[in-house]
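Visitor: the following comprises the amino acid sequence and a computationally predicted model.
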Amino acid sequence: SQTIHQWPATLVQPVGSPLSLECTVEGTSNPNLYWYRQAAGRGLQLLFYSVGIGQISSEVPQNLSASRPQDRQFILSSKKLLLSDSGFYLCARTRTGGTSTGELFFGEGSRLTVL
Amino acid sequence: SQQGEEDPQALSIQEGENATMNCSYKTSINNLQWYRQNSGRGLVHLILIRSNEREKHSGRLRVTLDTSKKSSSLLITASRAADTASYFCATDGLIFGNEKLTFGTGTRLTIIP
């Protein structure tokens, strides 16, 4: 199974409030994990990726951070949300770990609206 | 930044017709992948083509890759209403290693019954 669980599915938060989006995966151990953000009607922007516990690579400077406290858990956080943080957040995993990306398996996404 | 750019941005065709989408990218790659996204859902992997391959088939899908032009095309034959979705190409970054995929901006395909 390559199941990916994301929650919450939808979230409405005021500007300045904190954020925590969680992603847990099943299947092969030590997968590469990814957080992407998709603005309405747009492509996917890679935010963070992780090749192992505690290893986080950030792609763009922003108001967000990521952590991987366990092999199968990937968390996206913010201390103070901005309006521009609104979007559809997708967690993804590789089939296996290592340096070969191969295909990605995506969760069903978390839709964040910041008001 | 976006590595891939799909063309056209939107495409509407009659059911039964063939749909062709194109993708251009900027840097050398190991492989190129195509994904499908139904509205409000996660992406689903369709097909992967390696840099040393020129064409690949999977059911009604045909993908071509031209590394000299840094471009790929996705052909969906005998389209069905259920093919309505957004389609994205994705490339790995050879110069950065294989750990990440960069997605294009997508083609929104509408199949008219």
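Guide: Everything's here; your move. Numbers count the residues shown, from 1 in each chain, chains lettered A, B, ... in the order given.
Visitor: flag every residue of chain B that's near chain A.
Guide: B:2, B:30-31, B:33, B:35, B:40-45, B:48, B:88, B:90, B:92, B:97-106, B:108 (Cβ under 8 Å from any Cβ of the partner chain). Bear in mind the C-beta positions are built from the backbone N, C-alpha and C, glycine included.
Visitor: what does chain A put close to chain B?
Guide: A:4, A:32, A:34, A:36, A:41-44, A:46, A:49, A:51, A:57, A:59, A:88, A:90, A:92, A:99-109, A:111.
Visitor: hmm, try it at 7 Å
Guide: A:32, A:42-44, A:46, A:49, A:51, A:90, A:99-101, A:103-104, A:106-109 (Cβ under 7 Å from any Cβ of the partner chain).
Visitor: please check those and keep the buried ones.
Guide: Buried members of the residues of chain A next to chain B, scored by 16 or more other Cβ atoms under 10 Å in any protein chain shown, are A:32, A:43-44, A:46, A:49, A:51, A:90, A:101, A:103-104, A:106-107, A:109.
Visitor: distance from the lowest-mean-pLDDT helix or strand in chain B to the middle of the chain?
Guide: The weakest-scoring helix or strand in chain B, judged by mean pLDDT, DSSP states H and E, is strand B:5-7 (a mean of 83). Distance of strand B:5-7 from its chain centroid, counting by Cα atoms, centre = their mean, to the nearest Å, is 9 Å.
Visitor: one more: stretch A:69-78?
Guide: For stretch A:69-78, the distance to the chain centre is 8 Å (Cα atoms, centre = their mean).
Visitor: please apply the same query to stretch B:49-59.
Guide: With Cα atoms, centre = their mean, you get 12 Å for stretch B:49-59.
Visitor: would you map the strands across chain A?
Guide: A:4-7, A:10-13, A:19-25, A:33-38, A:44-52, A:55-58, A:65-70, A:73-78, A:87-94, A:104-106, A:110-114 (DSSP state E).
Visitor: in its sheet, which strands sit next to the last one, and in what direction?
Guide: According to DSSP bridges, strand A:110-114 forms sheet pairs with strand A:10-13 (parallel), strand A:87-94 (antiparallel).
Visitor: winner for burial among these?
Guide: strand A:87-94 (a mean of 24; mean count of other Cβ atoms under 10 Å in any protein chain shown).
Visitor: next, the angle from that strand to strand A:33-38.
Guide: Here the directions of strand A:87-94 and strand A:33-38 differ by 150 degrees (axes from the mean of the first three to the mean of the last three Cα atoms, to 10 degrees).
Visitor: how about chain A: which residue is closest to chain B?
Guide: residue A:106 (3.5 Å; Cβ to the nearest Cβ).
Visitor: what bridges to that residue?
Guide: residue A:92.
Visitor: that one contacts residue A:92, doesn't it?
Guide: Yes. Between residue A:106 and residue A:92 there is a contact under Cβ atoms under 7 Å: 4.7 Å.
Visitor: what sits against residue A:78?
Guide: By Cβ atoms under 7 Å, 6 or more residues apart in numbering or on different chains, residue A:78 lies in contact with A:18, A:19, A:63, A:64, A:85.
Visitor: could you measure from it over to residue A:66?
Guide: Distance of residue A:78 to residue A:66, given as Cβ to Cβ, to the nearest Å: 10 Å.
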